[in-house]
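Engineer: coordinates for the following, if possible.
(chains A, B and C)
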Amino acid sequence: MGNCSQGCKDCFCRQKNTNIRLTLPVVCFVWQIAMIILFGVFIRYDEESNTHWVETKAHNNITSDIENDFYFRYPSFQDVHVMIFVGFGFLMTFLKRYSFGAVGFNFLIASFGLQWALLMQGWFHSLDPQTGKIFIGIESLINADFCVAGCLIAYGAVLGKVSPVQLLVMTLFGVTLFAVEEYIILNLLHARDAGGSMVIHTFGGYYGLAISWVLYRPNLHQSKRMQGSVYHSDTFAMIGTLFLWMFWPSFNSAITDHGDGQHRAVINTYLGLASTVLTTVAISSLSQKTGKLDMVHIQNSTLAGGVALGTAAEFMISPYGALIVGFFCGIISTMGYIFISPFLEKTLKIQDTCGIHNLHAMPGVIGGIVGAITAAAASESVYGKQGLINTFDFTGDFKDRTVLTQGGYQAAGMCVSIVFGVVGGAIVGSILKLPIWGDPADENCFDDEVYWEVREPATHPLSALNPHYVQL
Amino acid sequence: MGNCSQGCKDCFCRQKNTNIRLTLPVVCFVWQIAMIILFGVFIRYDEESNTHWVETKAHNNITSDIENDFYFRYPSFQDVHVMIFVGFGFLMTFLKRYSFGAVGFNFLIASFGLQWALLMQGWFHSLDPQTGKIFIGIESLINADFCVAGCLIAYGAVLGKVSPVQLLVMTLFGVTLFAVEEYIILNLLHARDAGGSMVIHTFGGYYGLAISWVLYRPNLHQSKRMQGSVYHSDTFAMIGTLFLWMFWPSFNSAITDHGDGQHRAVINTYLGLASTVLTTVAISSLSQKTGKLDMVHIQNSTLAGGVALGTAAEFMISPYGALIVGFFCGIISTMGYIFISPFLEKTLKIQDTCGIHNLHAMPGVIGGIVGAITAAAASESVYGKQGLINTFDFTGDFKDRTVLTQGGYQAAGMCVSIVFGVVGGAIVGSILKLPIWGDPADENCFDDEVYWEVREPATHPLSALNPHYVQL
Amino acid sequence: MGNCSQGCKDCFCRQKNTNIRLTLPVVCFVWQIAMIILFGVFIRYDEESNTHWVETKAHNNITSDIENDFYFRYPSFQDVHVMIFVGFGFLMTFLKRYSFGAVGFNFLIASFGLQWALLMQGWFHSLDPQTGKIFIGIESLINADFCVAGCLIAYGAVLGKVSPVQLLVMTLFGVTLFAVEEYIILNLLHARDAGGSMVIHTFGGYYGLAISWVLYRPNLHQSKRMQGSVYHSDTFAMIGTLFLWMFWPSFNSAITDHGDGQHRAVINTYLGLASTVLTTVAISSLSQKTGKLDMVHIQNSTLAGGVALGTAAEFMISPYGALIVGFFCGIISTMGYIFISPFLEKTLKIQDTCGIHNLHAMPGVIGGIVGAITAAAASESVYGKQGLINTFDFTGDFKDRTVLTQGGYQAAGMCVSIVFGVVGGAIVGSILKLPIWGDPADENCFDDEVYWEVREPATHPLSALNPHYVQL
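Structural biologist: Below is the predicted model of the structure:
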């Protein structure tokens, strides 16, 4: 049976029309034009990126340009940007023939989503009531990247099983849901979540899992030959892993408070991640008869500590606290790959290509819990009077909140993110189930040839030597 | 017919002597010794990188080391550095057997060129008349990297068709021409071009195209089997694409004004690039019968928005303006790959390996035009009185210049860059046509084995299975 | 003869038990728990990463958060972090079937080592006598990364020949020795070595070589088929090379003095490395009959200039001085690969997989000598009175030290690093020789299948076509 996206007549894949020549360009064009119009109406430079900065400086008695928020956040922003595009993109290249889709669609939906995120987050968080405008600066760009991260996490669950048009729809709704839950969690509940254990990872994880659950493919085994990795695809994936791992301290500190806030978030994340690596290796080795390591674990579970410190990294959890969080996350995440992922697939009918349940959902929930506990346990003796106020932003409407109450609201925030993920994902999944989006047939999943011009086809003589093909 | 750089007697490639054992080492040694002597005579640390900084600070009432220009520019510098070496280098690895040449020669000519750039740009822009010295700091390093970028762009047009010695000659003259045109455009015409739409991309693009035109190879089809990509070489190329894409905001903001200037350039470039991705995908999908995407477009055209914002990124073009620029650049650049590149090759006899006409030359010209128009349309009501003066540097000799005049000079600057590129490239191309540089025969183009020890030869049994080889 | 780590009965490798299912998890768990306890007892946030920073600021009359050391060092820290994990990791992926081990074990031992480094360096350098605590901040993280670098260098010598458990043991002792020699060199001798030519590269180089000498395998030729590179593994290795090369200016400037110190170290390293590339290319080309380049040289020797400027980068060696250092290092390092490595293996029985003698040990020693000479030659006329004091930290106990004395102590420091490396490595090598660590048999060296689940085995039909396999 040949490769049927080429137009041959007598094969299974004709059951599915994967032609996206109309839908993909239309969605891209309509969307981009809409963005231009909406940006024209709403988005303006903020006072630190405006040529009027020279007057702002004088007005606020700022003596040096280095006080511009740009210099506090730009290095972190660029690191986050690398995580979004190279980190997430390359992490998903592990499949033997889905590297183009992994890196390329990640690129597309991130670029698509960040524009919408600037608008959605702007409307919810920073719409100026007087002018009706959204004023953006470097922190807005970081937040847009964060928002997109939620959708890229969800992509991990459906990797290889959806069309790019479905991904765009998923991102459109994902960003919208994200902005709403983020508003509820950060503004209404006044929970702290600088690195997004809850708003990014828990939400994104459950959003993707719910979508994957709705889109369950009982015959996915038909593309089993494409589901594994090859040697070099695993090496490519390590590029993604390492850039995520190395820059996670920037992720968790990018929008924390200037000064000690950013400094502390970096230290905690750095330590937590180091700890995770060791327990991931330990469990991975334990899971094999001869103690061999599994690249799936090394590529993914080593990152769980960063996820789980997303909420508490800016708190005074102390260095050994960060190590403890990382310690357990490595264990839980790796065990997730060994025990929970097969269970989810068999029993709950959730096919999770990248194992985002182990890398994002579970560690995200752990991060939310750690955040709630450490917030509730905060004290003036550890933080100092002003330090406590600064860290939890106990000002304005919240100036009388106690740490115990804060802990409760943190926990409530985590529940909100789970509910938004699960319910939102189920609804969006139903939309994606419509037979109009050009998704691939079961036997063509995980294959770049469906949506990409591949110059060296998987069916050329070389593949005949691949043991998996030989079995066909 | 075997691979003849191995020394076999009866094949075509003996017509060309690709032995560079004499020329390459001689050029490298002579050049490096010359650099040491010239640096000894001319180059010194500037006042911010000198141990006398402690006195400079006291003299200028600077209270903190953080005011050192180093801290304003170093993060951007490192991003630019990554773009030059990893970005350009890996972007060119897409050919199936020219990855060593792509990354390796890129590495060589960038290292070679940046030293010469420090001297050339120093002589033109910052030679101290009293001491006869050039004082360098972090901004000089960025400018040297920028200057080298022009030559690396040109390399894209001749990739796989020239010897490393030719590349060094090309870089030597390229850097020289660059410094002169940059001096004319930025200093004499007082045009603004912080991200180099004109001085870097337009110049580099036409310089490379003119050289490629002079070096036209009518029988290049003889190496057709080597011209395509393979699956993993396309994945490697995406590393280059993404690092260029992600760090382009740093490129366009690296030498803009402290404070709002850098901040605004980042926002504009970030937005323009996001927009470009969507229209690139749309046009790429439209160009194929079943809507499949082409990696060539995704690897290259997604970057066109960054090129086109090189001049205007620091202006108040407003966020939606940046989106519009990116929107059209994605369309034009992708269409360039589909329609213009074949036309250039067939009709104008310009063989452009990487399609630099679509990625640099055209978007560069668009960037120059956008810059001229937005400069001419600038107003005190938008920029503020001082903001306008700061942005366009209407000080000293230029303090009475109007924005309309500025727009005219911007346009003039663009013409200068085109003329320098075309005329300079034609002359340098003629020099490179001399039969002394060890360039490869037509049937050995795009093959690393000509200039590299390749341990796994393309002629080993595996290649026999490659469909292209089978055709031989 | 099949692959015997699978448990088959009749083959050579049964002579060695490579089962690490007990030892690896036990070491990881015990170690990580020990780290948590020790961190709980000793490690605290320093005053700049503590919520009490708000009081510290007020107390020290600091007006802006930007004065927090975080903003001076964070960009450099992230670059160093990339060098440690991506740089060293990918540089070692050049072997055809040891990419998992290269990147993965590098990841493991770096994460393992940096925690121990924070403790060891803390005890020696910054234990607060009053509280008995170690206060850490961003500079501590950089120093921990630096300390780990020494062990990763040593890994290069034994790459492919040891088990992960041996690597952990090697790192444990390596970090310990490092902290002691660093204390002697930097604190007792008061030598300057910001980029670690001596404390990192010389020590790490000789430590690894001594270990490799003790672990000499006379029958290593039995795994000769695995020792080469393939096309894509060489391309992967270039990722490592380039990230090391590009970020080396950050490495050498990460912990130098604020202001001109960091600025100058960047300029010197940038220039030295550029110079090294040209001479490396020249010698590599000279070494082949037809002038072809060798990827081994390009991947490694191009970095030698950065190593050799580790000590002197912060001094006023002037730009042409940096070029000269790079010039000679490129020559010496490349010649090392051509002449010295074969000699070491044949005569001295030192098998150095990555050639760390050429990339780290020799250039490190050169760096130490350059540092000693330039320190001895420093003068008030060049540095300025205060500049001289700042650069060499002639304060406190050392306020009467002359530059000549300083030069002597620099030279003494270099000797200390060599002695610690050689003697320490010999002792640790003896420990690693015990037959309990699960190291591979001679014919299974350089093969990922010993310690990794490899889904696409090297023995599948494809490999049959590999000429090396054909020879079997």
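Engineer: all strands of the stretch 251-400 of chain A, in order?
Structural biologist: Counting by DSSP state E, counting those that start in this stretch, the stretch 251-400 of chain A has no strands at all.
Engineer: do you have the helices of it handy? List them.
Structural biologist: Per DSSP state H, counting those that start in this stretch, the stretch 251-400 of chain A carries helices over the ranges A:260-286, A:295-300, A:304-308, A:319-335, A:341-346, A:356, A:362-376, A:380-383, A:385-392.
Engineer: and the third one, what does it pack onto?
Structural biologist: Contact analysis of helix A:304-308 by 3 or more C-beta pairs under 8 Å, 6 or more residues apart in numbering or on different chains; DSSP states H and E lists helix A:231-253, helix A:260-286, helix A:319-335, helix A:362-376 as its packing neighbours. C-beta: built from backbone N, CA, C; applies to glycine.
Engineer: what's the burial count for residue A:289?
Structural biologist: A total of 9 residues lie near residue A:289 under the criterion other C-beta atoms under 10 Å in any protein chain shown.
Engineer: hey, which of the helices of the stretch 251-400 of chain A is tucked in deepest?
Structural biologist: Among these, helix A:304-308 has the highest mean neighbour count (mean count of other C-beta atoms under 10 Å in any protein chain shown), at a mean of 34.
Engineer: show me where the stretch 351-472 of chain A dips below the pLDDT cut-off.
Structural biologist: A:457-472 (pLDDT under 70).
Engineer: now do the phi/psi pair for the closest residue in space to residue A:227 that isn't next to it in sequence.
Structural biologist: Spatial nearest neighbour of residue A:227, excluding adjacent residues (C-beta to C-beta, 6 or more residues apart in numbering or on different chains): residue A:446 at 5.6 Å. As for residue A:446, its main-chain torsions (degrees, to the nearest 10) stand at phi 60, psi 30.
Engineer: who's in contact with residue A:446?
Structural biologist: By C-beta atoms under 8 Å, 6 or more residues apart in numbering or on different chains, residue A:446 lies in contact with A:95, A:97-98, A:159-161, A:223, A:226-227, A:353.
Engineer: repeat the analysis, applying 6 Å as the threshold.
Structural biologist: Neighbour list for residue A:446: A:95, A:98, A:160, A:223, A:226-227 [criterion: C-beta atoms under 6 Å, 6 or more residues apart in numbering or on different chains].
Engineer: kindly indicate which of those lies nearest chain C.
Structural biologist: residue A:227 (10.2 Å; C-beta to the nearest C-beta).
Engineer: just give me how far the longest helix seen in chain A sits from the chain centre.
Structural biologist: The longest helix of chain A (DSSP state H) is helix A:403-432. Distance, stretch centre to chain centre, for helix A:403-432: 15 Å (C-alpha atoms, centre = their mean, to the nearest Å).
Engineer: next, the angle helix A:362-376 makes with that helix.
Structural biologist: Angle between the axes of helix A:403-432 and helix A:362-376 is 160 degrees (criterion: axes from the mean of the first three to the mean of the last three C-alpha atoms, to 10 degrees).
Engineer: helices or strands next to helix A:403-432 in the packing?
Structural biologist: helix A:164-182, helix A:203-214, helix A:362-376 (3 or more C-beta pairs under 6 Å, 6 or more residues apart in numbering or on different chains; DSSP states H and E).
Engineer: chain C contacts on the stretch 151-300 of chain A?
Structural biologist: Contacts of the stretch 151-300 of chain A with chain C, taken as C-beta under 6 Å from any C-beta of the partner chain, map to A:228-232, A:235, A:238, A:242, A:246, A:258-260, A:262-264, A:267, A:270, A:274-275, A:277-278, A:281-282, A:285-286, A:290-294, A:298.
Engineer: which members of those additionally contact chain B?
Structural biologist: Answer for these near chain B (C-beta under 6 Å from any C-beta): residue A:232.
Engineer: the helix or strand where residue A:107 lies - what's its average pLDDT?
Structural biologist: In the assignment (DSSP states H and E), residue A:107 maps to helix A:99-121. Taken as a whole, helix A:99-121 has a mean pLDDT of 97.
Engineer: any bit of it sitting next to chain B?
Structural biologist: Yes - applying C-beta under 6 Å from any C-beta, one finds helix A:99-121 touching chain B at A:99, A:103-104, A:108, A:111, A:114-115.
Engineer: how about CSV for the residues you listed, with distance to residue C:370 added?
Structural biologist: Shown next, in CSV, are those (distance: C-beta to C-beta, whole Å):
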residue, distance to residue C:370
A:99, 44
A:103, 43
A:104, 47
A:108, 50
A:111, 47
A:114, 47
A:115, 51
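Engineer: show me which of these is closest to residue A:368.
Structural biologist: residue A:114 (24.7 Å; C-beta to C-beta).
Engineer: without its sequence neighbours, what residue ends up closest to that closest one?
Structural biologist: Residue A:114 sits nearest to residue A:144 (C-beta to C-beta, 6+ apart), 4.2 Å away.
Engineer: do the same with residue A:356
Structural biologist: residue A:156 (4.3 Å).
Engineer: just to revisit the earlier point, please report how far the residue nearest to residue A:227 lies from chain C.
Structural biologist: Residue A:446 sits 14 Å away from chain C, going by C-beta to the nearest C-beta, to the nearest Å.
Engineer: ditto for residue A:171
Structural biologist: Applying C-beta to the nearest C-beta to residue A:171 and chain C gives a distance of 28 Å.
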